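Just a sequence and a predicted model for now, questions to come.
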Number of protein chains: 2
Amino acid sequence: MNHTHTSDIDFERSPCAVANMLDLLGDKWSLLIVRDLILGKSRYGEFADSREGIPTNILANRLKRLEMAGVIKKSAYSAKPVRYQYELTEKGRDLQPVLEAMADWALKHVPGAEVFSRYR
Amino acid sequence: MNHTHTSDIDFERSPCAVANMLDLLGDKWSLLIVRDLILGKSRYGEFADSREGIPTNILANRLKRLEMAGVIKKSAYSAKPVRYQYELTEKGRDLQPVLEAMADWALKHVPGAEVFSRYR
DNA sequence: TATGTCACTTTAAAAATGCAAGCGTCTATA
DNA sequence: TATAGACGCTTGCATTTTTAAAGTGACATA
């Protein structure tokens, strides 16, 4: 051991709030899954069907990561073949302002970009 | 050519605003450079010195990408060895609400996370 | 001439991503 | 009863991205 006290908190890169948010969610797919959940999707197949076409291995990996991080939780919706549906936790729901800020930015600066609304 | 009309806009993945924002900025480093610029940094060495320790080839690559996308612009601050400083454009400054939303989220949900403020 | 600074670039290895196919359980159809 | 399909993944492998480390070129300073 070579630290001087035990109150150190282990950050992947730094204590910066933005950096820590990115350590968990800073990739091209995680927030799209959160978006889909906000839009009302809940099942694996629904995420896989989204227009961006997430590879299924990445989808499975991200669902695991988000669940371990407490952003989503899963529950069985079928017993005989055990199948799960996913939903946002409060931690996950609290990402909505981030998605909204990102959408606002893109609406202003990416020509042609559209906001995917809840019902479509 | 096999498209039927010329008004198609080419999106990397979909017209979704969030997806398009992520296509440009959805990685672990780009928004940290934007953060540093908001915090008042402007030079290559300053970005490289940030606590997260961005690899220099990634830094150079991201600066190019952000410049090509119009998020930052560079200008020479020295002539004899030509050296550049970087600053945010309006498009880049408009990312501040995104960073703030991300920081708010992390402050609430990542224990120990701190907001890096402008003067430190 | 020698050393150092700054802003990168290069190289090679490691890790992440993407594509396609496969798998196990079950339901529905012929 | 055999066949096919839906669903939710997992696996294998090629490609791309990221990483750490070292190197480069222009110049300032001693």
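Everything's here; your move.

ranges for the helices of chain A?
Assigned by DSSP state H, the helices in chain A fall at A:17-25, A:30-38, A:44-48, A:56-68, A:90-93, A:96-109.

quick one, which of the ones you listed is packed in tightest?
Most buried of the helices of chain A, by mean neighbour count (mean count of other C-beta atoms under 10 Å in any protein chain shown): helix A:17-25, with a mean of 24. Yep, even glycine has a C-beta here, placed from its N, CA and C like the rest.

what about A:Arg35, distance to DNA strand D?
A:Arg35 sits at a distance of 18 Å from DNA strand D (criterion: C-beta to the nearest atom of the strand, to the nearest Å).

got a list of what the residue lying closest to that residue once chain neighbours are set aside touches?
Nearest residue to A:Arg35 in three dimensions, chain neighbours excluded: B:Val18, at 5.3 Å (C-beta to C-beta, 6 or more residues apart in numbering or on different chains). By C-beta atoms under 8 Å, 6 or more residues apart in numbering or on different chains, the contact set of B:Val18 is A:31-32, A:35, A:99, A:102-103, A:106, A:116.

Reformat these as a markdown table; add distance to B:Lys73 and pLDDT.
Output for the contacts of B:Val18, formatted as a markdown table (distance: C-beta to C-beta, whole Å; pLDDT from 0 to 100):
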| residue | distance to B:Lys73 | pLDDT |
| --- | --- | --- |
| A:Leu31 | 27 | 98 |
| A:Leu32 | 29 | 98 |
| A:Arg35 | 30 | 98 |
| A:Leu99 | 27 | 98 |
| A:Met102 | 22 | 98 |
| A:Ala103 | 25 | 97 |
| A:Ala106 | 20 | 98 |
| A:Phe116 | 31 | 83 |
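
Look through chain A and state the residue closest to DNA strand D.
A:Gly45 (2.8 Å; C-beta to the nearest atom of the strand).

Can you report how many residues neighbour the residue lying closest to A:Glu114 once chain neighbours are set aside?
Of all residues not flanking A:Glu114 in the chain, B:Pro15 sits nearest, at 4.7 Å (C-beta to C-beta, 6+ apart). B:Pro15 is flanked by 16 other residues according to other C-beta atoms under 10 Å in any protein chain shown.

same deal with A:Lys73?
There are 15 residues near A:Lys73, going by other C-beta under 10 Å.

I'd guessed it sits against A:Tyr86; true?
Yes - A:Lys73 is within contact range of A:Tyr86, at 7.3 Å (criterion: C-beta atoms under 8 Å).

list residues touching both of the two?
A:Glu67.

related to what we said a few turns ago, dump the contacts of B:Val18 to TSV, plus distance to A:Asn57.
Output for the contacts of B:Val18, formatted as TSV (distance: C-beta to C-beta, whole Å):
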residue	distance to A:Asn57
A:Leu31	18
A:Leu32	15
A:Arg35	20
A:Leu99	24
A:Met102	25
A:Ala103	27
A:Ala106	27
A:Phe116	24
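
ok, and of those, which contact DNA strand C?
Contacts with DNA strand C are made by none of those, judged by C-beta under 7 Å from any atom of the strand.

Those residues of chain A touching DNA strand C, which are they?
Contact residues, chain A versus DNA strand C (C-beta under 7 Å from any atom of the strand): A:27-29, A:53-58, A:61, A:80-81.

Low-confidence stretches in chain A?
Low-confidence segments of chain A (pLDDT under 70): A:1-8, A:118-120.
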